[in-house]
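1. Need coordinates for the below:
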Amino acid sequence: MRTKLLALAAVLAPVAAFAAGGEAKLDHANVDVTNRASLQRGAANFVNYCLGCHSAKFVRYNRMAADLGLSEEQLIANLMYTGERPHDTMRIGMVADDAKRWFGVLPPDLSLVARSRGADYLYTFLRSFYVDPSKPTGVNNIVLPGTAMPHVLWELQGVQEAVWEGHPDAQGNVQKHFKEFKLLEPGRMTPEEFDGFVRDTVNFLEYAAEPAQLQRKALGFPVIAFLVFFTLLAWALKKEYWKDVK
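-> Predicted structure coming up:
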């Protein structure tokens with residue numbers, strides 16, 4: 001247990017240092033969990049590009065299908081490829097020891113990542129990989145420096161490099177700051193298409209973090225309307241009861 005905590009601390013240490021420096025400016029994801037078409041595309045993206053390494057063990061396939069407006073036949077044909085049953089949760093077949101040997105750390109479960117990190121963090125992170133030959137995977141990330149995750153979406157986004165600029169401090173030391181990305185090799189998608197792809201994926205992760213929010217938000221308007229109506233009714237009733245009291 002102690003070894004796991006130390007490994008986790010080592011992974012998260014660059015995040016704390018980077019956040020403290022204010023280097024990573026997060027872009028607004030602008031997700032909408034009521035958009036079923038986006039959620040369906042995001043679920044397909046997650047299954048095809050993320051589920052090989054990252055589980056979502058708190059998400060059940062048949063619950064997801066019902067929330068996303070999919071029949072069981074559509075679910076099995078489009079989102080289930082390795083013999084799972086509809087009532088199973090979204091788990092992976094990767095052996096933990098193999099994952100640690102390949103990546104140096106066990107890829108985290110993503111069920112609650114949108115709640116712990118936020119949609120803007122995920123949206124920016126997935127779009128912020130850049131070439132770094134000094135890293136074992138050949139890439140690094142502006143949002144999470146030193147990440148063990150390879151750029152699995154490079155064929156879609158393309159290959160980009162980070163452009164840095166330096167400004168001397170009071171002691172004359174030059175501090176390097178991120179300026180922008182420069183596309184070296186285009187991917188199969190245009191930048192706008194890739195942004196939409198990532199937004200759909202993050203939208204699904206936002207849903208996965210709290211599937212009940214769809215029902216909660218759907219109930220919000222009727223509940224507010226009832227409370228407003230009841231308030232007006234109570235006010236009118238109070239006036240009627242007290243009209244003769246002086």
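2. from here on, contacts and neighbour counts on C-alpha atoms
-> Noted.
3. any chance you could map the strands in this structure?
-> Chain-ordered strands for the chain, with DSSP state E as the definition, fall at 56-60, 89-90, 129-131, 139-141, 158-168, 174-186.
4. can you list those strands in CSV and add distance to Ile224 and mean pLDDT?
-> Shown next, in CSV, are the strands of the chain (distance: least, Cα to Cα, whole Å; pLDDT from 0 to 100):
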stretch, distance to Ile224, mean pLDDT
strand 56-60, 29, 95
strand 89-90, 34, 94
strand 129-131, 43, 97
strand 139-141, 43, 97
strand 158-168, 47, 89
strand 174-186, 45, 90
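5. Figure out which of those strands is closest to Asp244.
-> Counting by Cα to Cα, Asp244 lies closest to strand 56-60 out of the strands of the chain; the figure is 59.7 Å.
6. list the buried ones in the closest one?
-> Buried positions in strand 56-60, judged by neighbour count with 16 or more other Cα atoms under 10 Å: 56-60.
7. One more: stretch 72-81?
-> Going by neighbour count (16+ other Cα under 10 Å), the buried part of stretch 72-81 is 75-76, 79-80.
8. Kindly report the same for stretch 112-128.
-> 112-114, 119-128.
9. Just to be sure, which of these are found in helices?
-> Secondary structure assignment by DSSP state H places 113-114, 119-126 of those in helices.
10. need those residues in CSV with pLDDT, can you?
-> Below are those laid out as CSV (pLDDT from 0 to 100):
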residue, pLDDT
Val113, 96
Ala114, 96
Ala119, 97
Asp120, 97
Tyr121, 97
Leu122, 98
Tyr123, 98
Thr124, 98
Phe125, 98
Leu126, 98
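11. Distance to Glu185 for the residues you listed - can I get that in CSV?
-> As requested, those are arranged in CSV below (distance: Cα to Cα, whole Å):
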residue, distance to Glu185
Val113, 30
Ala114, 30
Ala119, 27
Asp120, 25
Tyr121, 25
Leu122, 23
Tyr123, 21
Thr124, 20
Phe125, 19
Leu126, 17
